[in-house]
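[1] How does the following fold in three dimensions:
(one chain, ligands or ions: 1)
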Amino acid sequence: MADREYGFRTRAIHAGNIPDAVTGARALPIYQTTAFVFDDTSDAAARFALQKYGNIYSRLGNPTVASFEERIASLEGGLGAVATASGLSAQFITFASLAGAGDHIVASANLYGGSITQLDVTLRRFGVETTFVQGSDPADYAAAITDKTKLLFAEIIANPSGEIADLEGLADVAHAHNIPLIIDSTIATPYLNRPIEWGADVVIHSATKFLGGHGTTLGGVVVESGRFHWANEHFPLFDQPVPSYGGLNWHGNFGEYAFLTRLRAEQLRDIGPALSPHSAWLLAQGVETLPFRLQAHVDNTRIVAEWLQNDPRIEFVNWAGLTGHPHHDRALKYLPKGPGAVFSFGVRADGTRSGREIGQKFIESVNLASHLANIGDAKTLVIHPASTTHAQLNEQQLVDAGVLPGLVRISVGIEDPEDIVYDLDQALTRATEGK
Ligand SMILES: *Cc1c(COP(=O)(O)O)cnc(C)c1O
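    Down below sits the predicted model:
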C-alpha cells in the first residue's frame, strides 16, 4: 500500500482488498470455488510441493479468505494470518502445531468455557497436558512451566470474568523460557489492543464475535508476529526435514513465515477447518466498520456498567473500566479506549430468593436484549453462564473461571444506550419484585 502507512480506519476498509484485476469489481469478490486450475503439470507439482505460491484447493487457501486474513494481519500489526472455520478451530490448529503427546501447555483458568474443555478434555485425551493457572500473576505462570511446556495461553479480557491479562509480564515469562505467548484477543479486537505490540507472539480471534460483529457468521483467525524464533530446542519439528513435503525444512525454507506456512500447509491440510469464502466475505464486510462499532460498544458499556454499579439491586459489576475493579489500572494501560463490551454482574440475593434465582428471572424478563449464547453482536445479549456456556465445568473449574452461580453476562450492543438501560431496569424490577 503506497508510500504512506495508513491508519487503522483506512486499513479496516482497504487492507487485503484491491479492485479485482480481471473484472474491476470494487467490492471483495466471493471466490466460491473448491479448486483452482493449474497452468500445466509442472505448475501443479510446484504448487503442491510448496515451491511456488498459488492456489490449489480451498481447504488450504482461497482468495476471498486470503483477503480477510490480510486485513486482520494488517490491523493486528502481524506478519500474516491463517483463517479458520471458528475460533475454537483456530486455537486447535495452533495447539496441535506446537504440542503433541507428552507435551504441556500453561493456560489461564479464566477462559471461555469451550477453550477450557478443548484443553481439558480433547487435548488431554491426545496426551497434551494443561495446567490451568488461577489469577493473573505472571509468577504463577512461571511456576507452572515444565521442560515439556510449549506455550502460554490467556485471554486478554477474560470471558466472562473480565480479568485483564498482564501482557508484558506474561511475555517476559514466556520468552525467558523460549516459548511463545499466545493471546486470545476476541473481546478486545485490534481496535482496543494489539497484543503483538506488548510482546505476544501469536494472536487468536473468534471472528464470530466483534470482528464479524453482527451475529451472522462463525470464523476464526490466527495472527503471528513473525518475531518468535521457532527453530529452538522446544520445537525441533520446525528445523527437521518434512517428509510429506519432499524433505523441505519449515524454518530453512520459509524463515519468518515458518509458523504460518506450517499452520496452513500441514494443520489446515490435515485437520481441515477451512473458513468458507462466503463466511470470509461476511467477516471482511464486518471488519470495515470495526472501529466505529467498537467505539460505540465501549461507550455504551461505560453507560450501562456505571448505571448497574449505582443500582442497589446489583451486588457487583466486573467491568475493568470502573474504578475500584482490581484490574482497572491494567485496563487503562492496555485498553485505554475501554476494556471491551462484555462483562458480568451479580444480582443481589434477597431474603427469600438466591442470586441464582433472581439472575435467571432477570434474564427471562429482558425484552430488547436477547437471551442467547453469543457475544459481540450489534445487539445487546445476555446469558447465565453457570447454566449454559460454562455448564460443562465442575464446581472448582467454575470458581477458577470466576463464574459465580448468580452471575449474569452481558454483551452490550450498539443500540441507543438509554434503551438498553431502560430494558435492564424493567427486567431487574420484574426479577426483584418476583412478578
Ligand atoms: C466464542 C469464543 C471462542 C470460541 O470461538 P468460536 O468462534 O465460537 O469457535 C474462543 N474464545 C473466546 C474468548 C470466545 O468468546
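[2] got the residues of this structure near the ligand?
    86-88, 112, 114-115, 155, 159, 184, 186-187, 206, 208-209, 218, 220, 375 (CB under 6 Å from any ligand atom). Placement of C-beta: from N, CA and C, glycine included.
[3] For the closest residue to His325 other than its chain neighbours, which residues are in contact?
    Spatial nearest neighbour of His325, excluding adjacent residues (CB to CB, 6 or more residues apart in numbering): Trp319 at 6.6 Å. By CB atoms under 8 Å, 6 or more residues apart in numbering, the contact list for Trp319 reads Gly162, Thr301, Ala305, His325, Pro339, Phe343.
[4] phi, psi of Trp319?
    phi -120, psi 120 (degrees, to the nearest 10).
[5] In terms of helices and strands, where is Thr10?
    Assigned by DSSP states H and E, Thr10 belongs to helix 8-14.
[6] For the stretch 301-435 of the chain, which segments count as helices?
    Secondary structure of the stretch 301-435 of the chain by DSSP state H, counting those that start in this stretch: the helices cover 328-334, 355-365, 395-400, 417-432.
[7] now the last one and helix 355-365, what's the angle there?
    Comparing the axes of helix 417-432 and helix 355-365 via axes from the mean of the first three to the mean of the last three CA atoms, to 10 degrees yields an angle of 130 degrees.
[8] what pLDDT does the closest residue to the ligand within the chain get?
    The ligand sits closest to Gly87 of the chain, with a gap of 2.4 Å, by CB to the nearest ligand atom. Looking at Gly87, its pLDDT is 98.
[9] What is the burial count for the residue nearest to Gly355 when sequence neighbours are not counted?
    Among residues not flanking Gly355 along the chain, Gly406 sits closest, at 2.7 Å (CB to CB, 6+ apart). Gly406 is flanked by 22 other residues according to other CB atoms under 10 Å.
[10] same thing with Ala81?
    Ala81: 27 neighbours (other CB under 10 Å).
[11] Renumber starting at 532 from here on
    Happy to do that; since the first residue is 532 now, the last one works out to Ala612.
[12] for it, phi and psi?
    phi -150, psi 160.
[13] wait, isn't it in contact with Ala597?
    No - under the criterion of CB atoms under 8 Å, Ala612 is not in contact with Ala597, lying 9.2 Å apart.
[14] Surely the residue of the chain closest to the ligand is in contact with Ala738?
    Yes - using CB under 8 Å, Gly618 makes contact with Ala738 at a distance of 6.9 Å.
[15] quick one: common contacting residues for the two?
    Leu749, Gly750, Gly751.
[16] Might one say that the last one is in contact with Leu806?
    Yes - using CB under 8 Å, Gly751 makes contact with Leu806 at a distance of 7.5 Å.
[17] hang on, the earlier thing: name the helices or strands packed onto the helix holding Thr541?
    Applying 3 or more CB pairs under 8 Å, 6 or more residues apart in numbering; DSSP states H and E, one finds that helix 539-545 contacts helix 594-607, helix 808-819, helix 821-840.
[18] If we go by neighbour counts, what in it is buried?
    For helix 539-545, the neighbour count (16 or more other CB atoms under 10 Å) marks Arg542, Ala543, Ile544 as buried.
[19] Please name the residues that touch the second one.
    It stands for Ala543. So Ala543 contacts Arg602, Leu606, Val818, Glu819, Thr820, Leu821, Pro822 (CB under 8 Å, 6+ apart).
[20] Please apply the same query to the last one.
    The contact partners of Ile544, by CB under 8 Å, 6+ apart, come to Glu819.
[21] for the chain, which spans come out with low pLDDT?
    532-533, 965-966 (pLDDT under 70).
[22] Try it again at 90.
    The model of the chain has pLDDT under 90 over residues 532-534, 549-553, 578-579, 583-584, 644, 690-693, 878-891, 904, 915-938, 963-966.
[23] Most neighbours of all the contacts of Trp850, which one?
    Counting by other CB under 10 Å, top hit in the contacts of Trp850: Pro870 with 32 neighbours.
[24] re the thing from before, find the residues that touch each one of Gly751 and Leu806.
    Ala614, Thr615, Ala616.
[25] how does this structure divide up, domain by domain?
    Using automatic domain parsing, the domain parsing of the chain gives 539-817, 821-963.
[26] one step back: as JSON lines, the helices of the stretch 832-966 of the chain with mean neighbour count and distance to His708 would be great.
    What follows is the helices of the stretch 832-966 of the chain, written out as JSON lines (neighbours: other CB atoms under 10 Å; distance: least, CB to CB, whole Å):
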{"stretch": "helix 859-865", "mean neighbour count": "18", "distance to His708": "22"}
{"stretch": "helix 886-896", "mean neighbour count": "20", "distance to His708": "41"}
{"stretch": "helix 926-931", "mean neighbour count": "15", "distance to His708": "23"}
{"stretch": "helix 948-963", "mean neighbour count": "18", "distance to His708": "44"}
